[in-house]
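In: just coords:
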């Protein structure tokens with residue numbers, strides 16, 4: 001891969017300039033107002049795949065946002081890697097907390113990124129990491145060092161549940177047939193402690209609506225005589241955890257995987273400084289399920305969190321209103337063996353059962369997906385491990401993450417193959433938050449490492 005690495009070194013500034021341009025496109029999949037921008041992003045990704053060397057590039061329309069497909073087949077007998085990524089991004093709100101506009105990328109030096117980091121929505125999740133894959137592929141094609149067949153599938157709905165990816169994969173099994181799937185939508189422990197993600201949590205995401213009176217009321221005239229749906233909703237949400245941080249929904253833990261003492265001990269050997277963790281987050285203490293460490297709570301244990309709550313009057317000034325309705329969005333991160341549909345049903349039944357007689361409750365499922373554990377003894381894992389050893393100078397640790405990529409379980413079901421989760425972001429990169437960023441070190445390290453993965457995988461599959 002000497003020619004490939006030389007090509008990467010020569011074109012680093014161009015790669016960065018191209019990434020900065022695509023980060024300017026507000027491809028927010030959750031907001032219909034940005035539908036044209038999402039489509040523009042799909043078209044931009046397709047153009048980059050063509051220029052990078054794909055022989056076939058297609059934009060597939062769906063009931064939602066488009067899926068971009070590309071391929072380069074060098075030898076039908078060679079192994080095939082399907083690269084998955086997504087070009088949609090989270091909404092940037094709240095805008096006032098951004099230090100610079102979310103779609104006007106800037107580079108700043110930080111404590112975690114002394115070489116500089118790109119500040120923009122999507123820089124790490126997942127435009128920057130998907131772009132690493134495209135640029136690594138370009139370098140291998142340009143130098144004649146591509147050792148495997150490569151297929152790309154880049155979607156525009158990951159941040160809203162990948163609803164249309166499922167039927168697309170099932171309908172296009174032959175087109176998408178591969179030996180493994182490579183995903184760069186995860187993180188490493190730190191820049192001096194590389195890791196490969198071996199576990200992800202699933203997700204159940206719902207919206208709840210609590211209704212009291214049939215209209216908004218004057219809080220002076222009716223206050224004290226009619227229940228306030230906001231107060232009631234807050235009490236209901238508070239009741240979903242006990243004093244030890246356990247979720248109180250009956251049956252919620254029935255399918256939870258028991259992680260062995262040995263694996264828990266290994267997990268807690270990963271570098272983690274509680275004081276620095278709290279300082280970075282600006283909190284004086286940590287909180288979570290009793291009996292588990294922070295690393296365990298954020299990876300191998302299920303959670304339930306209120307992601308947003310609203311109702312009544314929330315604009316400037318005062319309005320003494322007793323609202324008719326209150327709403328909340330609630331997410332539950334699930335561990336392997338928990339099924340999202342089952343958990344959604346359990347939540348819905350329980351939430352309705354704890355509602356007082358003076359309110360009506362509606363639960364609307366939004367999206368969900370299953371957790372996954374990927375093995376460490378597969379050719380793709382070993383190929384990724386060797387690649388990171390080469391570029392980082394040390395063996396990466398296997399690591400479970402708390403986030404969700406529901407399509408990992410889909411790929412195994414649809415294609416019968418395992419996925420390797422080789423991401424290069426950091427948990428401190430503020431994905432989904434204001435001031436999302438991605439280190440230049442990480443961006444370039446990804447482009448440098450990925451070709452070695454392909455080379456190693458080709459060799460291991462031959463062997």
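Out: Ah, there it is. Fair warning: this is a prediction, and the values are worked out from it, not measured in the lab.
In: Identify all contacting residues around the helix or strand hosting residue 363.
Out: Assigned by DSSP states H and E, residue 363 belongs to strand 360-369. With contact meaning C-beta atoms under 8 Å, 6 or more residues apart in numbering, strand 360-369 is reached by 160-163, 202-211, 329, 340-341, 343-344, 347-348, 351-352, 355, 404-407, 409-410. To be clear about C-beta, it is placed using only N, CA and C from the backbone, and glycine gets the same treatment.
In: could you pull out the helices for the stretch 101-250 of the chain?
Out: Assigned by DSSP state H, counting those that start in this stretch, the stretch 101-250 of the chain shows helices spanning 127-142, 165-171, 173-176, 219-222, 229-238.
In: how distant is the fourth one from the center of its chain?
Out: For helix 219-222, the distance between its averaged C-alpha position and the chain's averaged C-alpha position is 45 Å (C-alpha atoms, centre = their mean, to the nearest Å).
In: list the buried ones in that helix?
Out: Using 16 or more other C-beta atoms under 10 Å as the test for burial, helix 219-222 gives residue 219.
In: Span of stretch 428-438 from start to end?
Out: End-to-end distance for stretch 428-438, by C-alpha to C-alpha, to the nearest Å: 10 Å.
In: cool, and stretch 419-436?
Out: End to end - C-alpha to C-alpha - stretch 419-436 spans 26 Å.
In: Give me the average confidence score over that stretch.
Out: Averaging the model's pLDDT scores along stretch 419-436 yields 96.
In: cool, stretch 72-83 as well?
Out: Rounded mean pLDDT across stretch 72-83 is 97.
In: Could you list the buried residues of it?
Out: So stretch 72-83, judged by 16+ other C-beta under 10 Å, has buried residues 72, 74, 78-83.
In: export the residues you listed to JSON lines and tack on secondary structure and distance to residue 363?
Out: As requested, the buried residues of stretch 72-83 are exported to JSON lines (DSSP: H, G, I helix; E, B strand; the rest coil; distance: C-beta to C-beta, whole Å):
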{"residue": "72", "secondary structure": "strand", "distance to residue 363": "46"}
{"residue": "74", "secondary structure": "coil", "distance to residue 363": "50"}
{"residue": "78", "secondary structure": "coil", "distance to residue 363": "49"}
{"residue": "79", "secondary structure": "coil", "distance to residue 363": "45"}
{"residue": "80", "secondary structure": "strand", "distance to residue 363": "42"}
{"residue": "81", "secondary structure": "strand", "distance to residue 363": "40"}
{"residue": "82", "secondary structure": "strand", "distance to residue 363": "36"}
{"residue": "83", "secondary structure": "strand", "distance to residue 363": "37"}
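In: Any chance of those in CSV with distance to residue 11 as columns?
Out: CSV is the format used below for the buried residues of stretch 72-83 (distance: C-beta to C-beta, whole Å):
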residue, distance to residue 11
72, 18
74, 21
78, 25
79, 27
80, 26
81, 22
82, 25
83, 19
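In: just to revisit the earlier point, of the contacts of strand 360-369, buried ones?
Out: 160-162, 202-206, 208-211, 329, 340, 343-344, 347-348, 351, 404-407, 409-410.
In: Confirm for me that residue 415 is in contact with residue 176.
Out: Yes - taking contacts as C-beta atoms under 8 Å, residue 415 lies within contact range of residue 176: 6.5 Å.
In: Which neighbours do these two have in common?
Out: Shared contacts of residue 415 and residue 176, counting by C-beta under 8 Å, 6+ apart, come down to 82, 169.
In: who has more neighbours, those two?
Out: residue 176 (21 against 18; other C-beta atoms under 10 Å).
In: Look at the more buried one and report its pLDDT.
Out: Residue 176 is given a pLDDT of 97.
In: Pairing partners for the strand holding residue 363, with directions?
Out: strand 202-211 (antiparallel) (DSSP bridges).
In: Give me the average confidence score over the partner strand.
Out: 97.
In: Likewise for stretch 453-463?
Out: 91.
In: can you tell me how far residue 17 sits from residue 6?
Out: 19 Å (C-beta to C-beta, to the nearest Å).
In: for residue 288, that is, sorry about that
Out: 48 Å.
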